[in-house]
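Novice: Structure for the following, please:
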Amino acid sequence: QVQLVESGGGLVPPGGSLRLSCAASGRTFSHFAMGWFRQAPGNKREFVAAIAWSTGDPYLANSVNDRFTISRDSAQNTGYLQMNSLKPEDTAVYYCAVTRSWTTLPINYDIWGQGTQVTVSS
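Specialist: Numbers count the residues shown, from 1 in each chain. Predicted structure coming up:
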């Protein structure tokens, strides 16, 4: 079983940047893609970005595609979400997850990290 551990969250002022990391450990990473989701209080879990693990092909939600970048270091089994020009509405718990398909639907991701809080506030 693969385990995922996120890190890099915190408090940042509007316009600031953060880089989230998601380290995969355990069994050999064999999933097709890694995704990032976020969930604010009272809201559904929202797709943010995904990356095809073998090719590095990214896909980002429209709401973030001009500010966020997704990447991975396959040798380190670690994925990254670089978040720039952060806005208060980006405040949420951010989760990484892995899937065996190319999808933005949370239900299709079978392993999740514990989440890391991102708060954008002055």
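
Novice: So which residue is smack in the middle of the chain?
Specialist: W36 (2.5 Å; C-alpha atoms, centre = their mean).

Novice: Help me confirm that Y95 is found in a strand?
Specialist: Yes. Assessed with DSSP: H, G, I helix; E, B strand; the rest coil, Y95 lies in a strand.

Novice: residue ranges with poor pLDDT in the protein?
Specialist: Where the chain drops to pLDDT under 70, the residues are 28-29.

Novice: how does it look with 90?
Specialist: Along the chain, segments meeting pLDDT under 90 span 1-2, 25-31.

Novice: ok, now which ones touch the closest residue to A49 other than its chain neighbours?
Specialist: Distances taken as C-beta to C-beta, 6 or more residues apart in numbering put I70 closest to A49, at 4.1 Å, once the chain neighbours are dropped. Quick note: C-beta positions are derived from backbone N, CA and C, even for glycine. Applying C-beta atoms under 8 Å, 6 or more residues apart in numbering, we find I70 in contact with 36, 49-51, 58, 60, 79-82.

Novice: let's see it at 6 Å
Specialist: Listed by C-beta atoms under 6 Å, 6 or more residues apart in numbering, the contact partners of I70 are 49, 51, 58, 81.

Novice: what does L20 give?
Specialist: 8, 81, 94.

Novice: can you rerun that using 8 Å?
Specialist: 6-9, 36, 80-81, 83, 94, 96, 116, 118.
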